[in-house]
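S.K.: pasting a predicted model and its sequence here:
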Amino acid sequence: MRVKVKDVMTTHVASVNGNTPFKDVAEVLIAHSVSAVPVVDGEGHVIGVISEADLLRKEQFKEQYYREGYQPPLRARLRHRLTEKNHSVRDTAHGDTAAELMTSPAVTIPPGASVVSAIRLMDQHGVKRLPVVDADGVLVGVVSRQDMLRVFVRSDADLAKEVREDVVEHSLWAENSRIDVDVWQGVVTLTGWMARRSDAAIVVAMALRVHGVVDIVDKLEWEEDDTSRWGRK
């Protein structure tokens with residue numbers, strides 16, 4: 001029931017090396033319609049990530065470094081004030097190659113990690129794309145927020161099959177219950193009966209955890225309400 005990063009990641013990945021000039025990095029981003037690319041060494045190990053934001057820092061500090069009378073936008077000037085004591089940002093803005101401009105170390109994820117883990121990692125670090133690396137740190141793909149949206153566009157038939165096979169039929173209560181599974185637009189409807197109310201609640205919870213399920217309509221019935229015992233002292 002856990003969709004993994006390797007199931008949704010992009011394997012044909014644009015990347016640059018540390019010596020790639022500023023202009024060439026910008027052209028790669030534009031040509032591939034991406035907001036960031038991994039920076040790799042000669043063996044394919046990810047040593048950093050360079051993004052549009054990294055390139056635009058040169059504009060943010062242009063007035064300070066190049067004295068061309070450039071006036072950055074208000075938002076950039078505010079960011080400058082907040083980060084003027086951060087020498088790493090200032091030094092990065094002064095760079096001319098990918099190695100000098102990139103953010104390092106890169107935030108990466110292994111292909112066997114769950115999509116949920118990738119979402120949390122992106123949210124934690126405020127990024128939209130993650131390089132996917134193997135156990136040796138070699139680039140094997142990239143996963144983006146858009147890639148992970150594929151989880152939610154699975155067909156109703158696919159979802160019904162997974163709920164029926166992985167939740168209902170492979171469970172301990174499968175032999176003494178009868179459950180029908182119907183899916184429409186990602187909403188799963190469970191009907192039928194079970195021996196205990198607690199088991200019905202578990203089935204609903206497990207079905208809701210299937211990636212791509214939007215919601216659950218619980219129409220399950222039970223013979224014994226064993227949940228009343230839980231509240232007894």
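M.R.: That came through fine. Residues are numbered from 1 along each chain as shown.
S.K.: ok, the closest residue in space to residue 193 that isn't next to it in sequence to residue 145 distance?
M.R.: Using CB to CB, 6 or more residues apart in numbering and skipping residues adjacent in sequence, the residue nearest residue 193 is residue 221, 4.5 Å away. (C-beta placed from N, C-alpha, C; glycine too.) When distance is defined by CB to CB, to the nearest Å, residue 221 is 40 Å away from residue 145.
S.K.: quick one: which of the two has more around it?
M.R.: A direct count of neighbours by other CB atoms under 10 Å for residue 221 and residue 145 places residue 145 higher, at 14 against 10.
S.K.: so the residue nearest to residue 193 is in which element?
M.R.: strand 215-224 (DSSP states H and E).
S.K.: that strand: partners in the sheet, and parallel or antiparallel?
M.R.: Take DSSP bridges as the rule and strand 215-224 pairs in its sheet with strand 187-196 (parallel).
S.K.: which other helices and strands contact the helix or strand following the partner strand?
M.R.: Per DSSP H and E, strand 187-196 leads on to helix 197-208 as the next helix or strand towards the C-terminus. When contacts are defined as 3 or more CB pairs under 8 Å, 6 or more residues apart in numbering; DSSP states H and E, helix 197-208 packs onto strand 187-196, strand 215-224.
S.K.: could you report the pLDDT at the residue nearest to residue 193?
M.R.: With respect to pLDDT, residue 221 has a value of 91.
S.K.: quick revisit: what would the helices and strands packed on helix 197-208 look like in JSON lines with distance to residue 158?
M.R.: Converted to JSON lines, these look like this (distance: least, CB to CB, whole Å):
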{"stretch": "strand 187-196", "distance to residue 158": "12"}
{"stretch": "strand 215-224", "distance to residue 158": "17"}
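S.K.: pick the most buried one from these.
M.R.: Comparing the helices and strands packed on helix 197-208 by mean neighbour count (mean count of other CB atoms under 10 Å), strand 187-196 comes out on top with a mean of 17.
S.K.: show the average pLDDT along that strand.
M.R.: Mean predicted confidence for strand 187-196 is 91.
S.K.: quick revisit: wait, isn't the residue nearest to residue 193 in contact with residue 192?
M.R.: Yes - with contacts counted by CB atoms under 8 Å, residue 221 reaches residue 192, the gap being 7.3 Å.
S.K.: follow-up on the earlier one: relative to residue 209, which of the helices and strands packed on helix 197-208 is closest?
M.R.: strand 215-224 (10.1 Å; CB to CB).
S.K.: what sits up against the strand holding residue 221?
M.R.: 179, 186-197, 199-200, 203-204, 207-208 (CB atoms under 8 Å, 6 or more residues apart in numbering).
S.K.: rerun that using 7 Å as the cut-off
M.R.: If you take CB atoms under 7 Å, 6 or more residues apart in numbering as the criterion, strand 215-224 is touched by 179, 187-197, 200, 203-204, 207-208.
S.K.: can you check stretch 129-144 too?
M.R.: 5, 8-11, 13, 15, 35-36, 38, 40, 43-46, 49, 106-111, 118, 121-122, 128.
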